[in-house]
Structure formats: C-alpha cells, structure tokens
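Asker: Give me coordinates for this.
(one chain, ligands or ions: 2)
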Amino acid sequence: MIGFEEACDIILSRARPLSAEMVDLAHVHGRVLAQSVTAAVEYPPADVSAMDGYAVADADLATLPARLLVDGKVFPGASNETPLKVGSCRRIFTGGFVPAGADRVVMQENVETDGDFAIVSEFSPGSRNIRKQGFDFRRGDTLLRANIRLDHRAVVAAAGGDVSQFSCWRRPRLAVLATGDELTEPGTASTTPDTIPDSVSFGVAALAEHYGASIVSRCSLRDDLPQMERAAGKASNTADVVVVTGGASVGERDFAKMMFEPHGLELFFSKVAMKPGKPVWFGRVGNALVIGLPGNPVSAMVTARLLLAPLLLGLGGSDPQEALDSIECELNHDLSSSGERDVFHRAKLAHDRRVDIISSQDSAAQRALVDADLLLRAPAGSSFAKGEKIQAINF
Ligand SMILES: Nc1nc2c(c(=O)[nH]1)N[C@H]1C(S)=C(S)[C@@H](COP(=O)(O)OP(=O)(O)OC[C@H]3O[C@@H](n4cnc5c(N)ncnc54)[C@H](O)[C@@H]3O)O[C@H]1N2
Ligand code: MOO
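Answerer: Numbers count the residues shown, from 1 in each chain. Ligands and ions are numbered 1, 2, ... in the order given. Next comes the predicted model:
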C-alpha cells in the first residue's frame, strides 16, 4: 500500500498529453488547445459606429442647434469611402464604417430631421460613439493561449478572430468495464431477481466526460474470467484509458486485475492509504493505462475524482494538478482522528466557506452522493475541531 501523495505523483507522471489533431470551429467547444490561437483579422476592421445615429464633424457642431445636410446612409457591411463634406452629416447604423472627416456619431435620440436635413440640438462631448479600428485586437495578436479548454466565451474570441481550424489535443478515449454478477442495466433491476443496477459505470463515464474524455465503450461484465479476459484485451486495444470497476478487493471473484494479466499488465500501484477507496489500483497494458476502482459506489466516485480526473486532464493537455486544487474551508463540526489513511469526508458547502459533513459517510451510500459537493481531506493521524480550517476539493 502506498500513500495518497505518492499515488498522485505516479498518476501525474503518466498524465502527459496524447497527440494533437485539427478540429473545426463547430466542434471545438470543450476542447483543449495544443497551439495558441492568433487573430487572422483585426477587429474592428475600421473605425465603426457604436450607435445608430449621424456621423458628424465636430467643427459643424460649434454652434447649436446645427442644421446639417444628410448626404447618405451607411449600413454595416457596406464600404464607405466618400469623406464627409463641411456642413454635411451621414446617417449611420451601429457597426457601419465611420466616414473620413467625421469626429463622432450623435445618437439619433438627440437628432431631429427636417426633409434632407438633420438638426442636432444637443450631444454629449465625452461620447464619440466610435469604436476605433483594431481597438479589440490586431491581426497576429494572441487571442487564446495553448493548453486552455475552450469554453463558450473563448469560442466567440476565436471565431471573431476569423479562425475556423484549431490544433487541439486529442481527447483521451476511455473504456469503462463494470464487473460483478449482481449488476444489471439500470431500468431492469426491478424485474430481474437478485440484481442491482450498475450505477457506477454511468457515474464514472459522466465524470470522465466532464474531465475531457471521450467514452468509447461502457459495459458490465459477469464474474467469468475467460469472458473478462477477452473484454480486457479488446478495451486495452481500443482505449487510451481503461477503467475497471469492482473486483478490486480480495474476494474469491475479484478478477479485475487478473483479467488483464494475460495481456501483460504492469502494475504501478495496488492499494492506496485513503478512505474510501483503499483497493484502487493503476497500471498499464500495452499503450493503455488501466485504473481499477473499488466497486462501492462512493469509493468508486471518490477515487475517480481524485485519481482518474487528474489523469484525464493531463492526457487531454490540461494541467492535471488543477483537478487536485483545494480551497480552505471552515468546519461546522468536529472530525475525529483519521487513523492510518487519509480520509476524504463528503461535505456540503454551507455559507462563508463553512462546511457541513454530510450525514452518511458509508462508502455504499448513493443517495448521499447527491449532497456531497466537496471532499474534505483529513490527513492520516489528524483530527479537527469545529471552527478549524480544512482543505476541500470540489467533488
Ligand atoms: N476482506 C476484505 N474485504 C474487503 C476489503 C478488504 O480490504 N478486505 N476492502 C473493502 C473495501 S474498502 C471496498 S471499497 C470493497 C471494494 O471491493 P471491490 O472493488 O472488490 O468491489 P465489489 O466487491 O465488486 O463490490 C463492492 C460493492 O459495490 C457494489 N458494486 C460493485 N460494482 C458496482 C456498480 N458498477 N454499480 C453499483 N454497485 C456496484 C457491489 O454490489 C458490492 O456491494 O471491498 C471491501 N471488502
Ligand atoms: O475504502 Mo472502501 O473503498 O471504502 O469501502
């Protein structure tokens, strides 16, 4: 058995990005950039109006009210190369190119019209209502740094910079193999005697997608070693990461590691001094990394969150350490001594960074997971009094 920190170090040492691939703008949301993105255009491409109104020269506003000939209209998307003449103004709409000779756009609410003439009776001297050419970015400016995950806001900046193809890190392909004779597909347990729904493989797949994986397969296997060996071979040939749930402990049908042995399993660790989740293990079969999670649903989700999540972040090109970042919270309760393992208590954020331990800490309590926003880390041998600070990782 190794300590939790050592397990994290081993995971982090394997959490290196896979290859890069080109991705279209329409599919880039959620992807991690392998290369920074630079603007292909400047924005805006010329001085543009920030208001619907009239483009005018300040010299023509020296005496108010000013009566100016409206010499034309500028809509966005139309060129506007004719300079403004003295005594004229031009009708302009938001985004329209401001003509040479205009110093400001007077918003239409401050202008009256009389036939072909605009009468400006007031304007706000401090508001030119013109967005300067390239005020946001210039061609060649860096819009997005490498290794960031593109969210909806970053997609706007990239598309606005006229970029439609992105070099992204490949998403890690993940196969989830649940094991156990008692498991059945959710939705069938009420009509299938002696079974329970396979909840864990769905939870692990959901967590893995959240941390950037693409799920290539998910299935549940009976405790039948030859069948399991075939599934292990197939999964390790098709996925970058294989997650096996259950069968991690010492029971007579705990075949999770054994099923990979004919395929050349190299174990990096087996058992970690953490609670829940002690039976978690990690290894490699050919090019695939294999992580075995304990079957108890809470143990599976805690180990997935603490060890699988950083692995997936790193393989997908993000900083794996992000998944292990913690914040300091204040305990609303005492926490008794932790014994020889680091304990990850499930907790709920109250207010002002104060946390309540959730009532059921049983590693099979699925309903209690719903309320568990945080994992509070109580290092081996520690105890905490109400009001003390403790490190919390979002769950
Ligand atoms: N003698 C010992 N017994 C156990 C030890 C030990 O050290 N010595 N460790 C305990 C700990 S800690 C855990 S955690 C469990 C983990 O055991 P396994 O990984 O072998 O898990 P299973 O036996 O397959 O299942 C445990 C439990 O979880 C349910 N389960 C399993 N898979 C799923 C699933 N996909 N969806 C929903 N529920 C699942 C299963 O029915 C069992 O009830 O071992 C302790 N025992
Ligand atoms: O430590 Mo096991 O993973 O809780 O029940």
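Asker: Contacts for stretch 106-115, please.
Answerer: Outside of stretch 106-115, the residues within contact range by C-beta atoms under 8 Å, 6 or more residues apart in numbering are 51-54, 56, 61, 67, 70, 89, 118-123, 129. Backbone N, C-alpha and C define where each C-beta goes, glycine included.
Asker: Apologies, that question was intended for stretch 362-370.
Answerer: Stretch 362-370 is contacted by residues 199, 276-277, 294, 296-299, 301-302, 346, 358-361 when judged by C-beta under 8 Å, 6+ apart.
Asker: Swap in 10 Å and give it another go.
Answerer: 197, 199-200, 203, 275-278, 294-302, 346, 348, 358-361, 372, 395 (C-beta atoms under 10 Å, 6 or more residues apart in numbering).
Asker: Ligand 2 next: which of the residues you listed are close?
Answerer: The subset of the contacts of stretch 362-370 within reach of ligand 2, by C-beta under 6 Å from any ligand atom, is 275-278, 294, 296, 299.
Asker: Read off the pLDDT value for Ser249.
Answerer: We have a pLDDT of 82 for Ser249.
Asker: hmm, back to that, give me the subset of the contacts of stretch 362-370 lying in strands.
Answerer: 197, 275, 346, 348 (DSSP state E).
Asker: Not counting sequence-adjacent ones, nearest residue to the third one?
Answerer: Spelled out, that is Arg346. Excluding the flanking residues, the one nearest Arg346 by C-beta to C-beta, 6 or more residues apart in numbering is Ala372, at 3.6 Å.
Asker: Distance of the one you found relative to Asp9?
Answerer: Computed as C-beta to C-beta, to the nearest Å, the Ala372 to Asp9 distance reads 26 Å.
Asker: Whichever helix in the chain runs longest - contacts with which helices or strands?
Answerer: In the chain, ranked by residue count with DSSP state H as the criterion, the top helix is helix 225-238. Packed against helix 225-238 by the contact rule (3 or more C-beta pairs under 10 Å, 6 or more residues apart in numbering; DSSP states H and E) you find strand 173-179, strand 214-221, strand 241-245, strand 281-285, strand 288-293.
Asker: those helices in the stretch 51-200 of the chain, which residues are they?
Answerer: 152-160, 200-210 (DSSP state H, counting those that start in this stretch).
Asker: Can you list the buried residues in the longest one?
Answerer: When burial is assessed from 16 or more other C-beta atoms under 10 Å, helix 200-210 yields the following buried residues: 200-201, 203-205, 207-208.
Asker: quick one: it to chain centroid distance?
Answerer: Relative to its chain's centre, helix 200-210 lies at 15 Å (C-alpha atoms, centre = their mean, to the nearest Å).
Asker: and it, what other elements does it pack with?
Answerer: strand 173-179, strand 214-221, strand 241-245, strand 288-293, helix 297-303, helix 309-315, helix 366-369.
Asker: which parts of stretch 320-327 are buried?
Answerer: For stretch 320-327, burial by neighbour count (16+ other C-beta under 10 Å) applies to 320, 323-324.
Asker: Need the CA coordinates for that stretch. CSV is fine.
Answerer: What follows is stretch 320-327 as a C-alpha-only set of coordinates in CSV (Å, rounded to 0.1, in the frame of the first residue of the first chain):
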residue,chain,number,x,y,z
PRO,A,320,-3.5,17.7,-14.2
GLN,A,321,-2.8,19.5,-11.0
GLU,A,322,-6.0,21.5,-11.5
ALA,A,323,-8.1,18.5,-10.5
LEU,A,324,-6.3,18.3,-7.2
ASP,A,325,-6.5,22.0,-6.3
SER,A,326,-8.2,22.6,-2.9
ILE,A,327,-9.7,25.6,-1.1
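Asker: about what we covered before: right, and the helices and strands packed on helix 200-210 - which one's nearest Pro44?
Answerer: Pro44 lies closest to helix 309-315 among the helices and strands packed on helix 200-210, at 36.4 Å (C-beta to C-beta).
Asker: re the thing from before, between Ala372 and Asp9, which is the more surrounded one?
Answerer: Neighbour count, other C-beta atoms under 10 Å: between Ala372 and Asp9, Ala372 has more, with 21 against 11.
Asker: ok, now which ones touch the more buried one?
Answerer: Contacts for Ala372 (C-beta under 10 Å, 6+ apart) come out as 298, 301-302, 344-348, 357-358, 360-361, 365, 395.
Asker: pLDDT value on it, please?
Answerer: At Ala372, the pLDDT value in this model is 96.
Asker: show me where pLDDT drops low in this structure?
Answerer: For the chain, no stretch has pLDDT under 70.
Asker: With adjacent residues omitted, what lies nearest to Val23?
Answerer: Closest to Val23 by C-beta to C-beta, 6+ apart is Cys168, at 4.6 Å.
Asker: again with Leu33
Answerer: Ala146 (5.2 Å).
Asker: Would you check that the one you found makes contact with Val37?
Answerer: Yes: Ala146 is in contact with Val37 according to C-beta atoms under 10 Å; the separation is 8.6 Å.
Asker: list residues touching both of these two?
Answerer: With C-beta under 10 Å, 6+ apart, Ala146 and Val37 have common neighbours Ser167.
Asker: Show me which of these two is the more surrounded one.
Answerer: A count of neighbours by other C-beta under 10 Å puts Val37 above the other of Ala146 and Val37, at 23 against 14.
Asker: Identify the bridge partners of that one.
Answerer: Counting by DSSP bridges, Val37 is bridged to Leu144.
Asker: hang on, it packs against Ala158?
Answerer: Yes: using C-beta under 10 Å, Val37 makes contact with Ala158 at a distance of 5.3 Å.
Asker: which residues do the two both contact?
Answerer: Taking C-beta under 10 Å, 6+ apart as the contact rule, Val37 and Ala158 both touch 28, 143-144, 150, 166.
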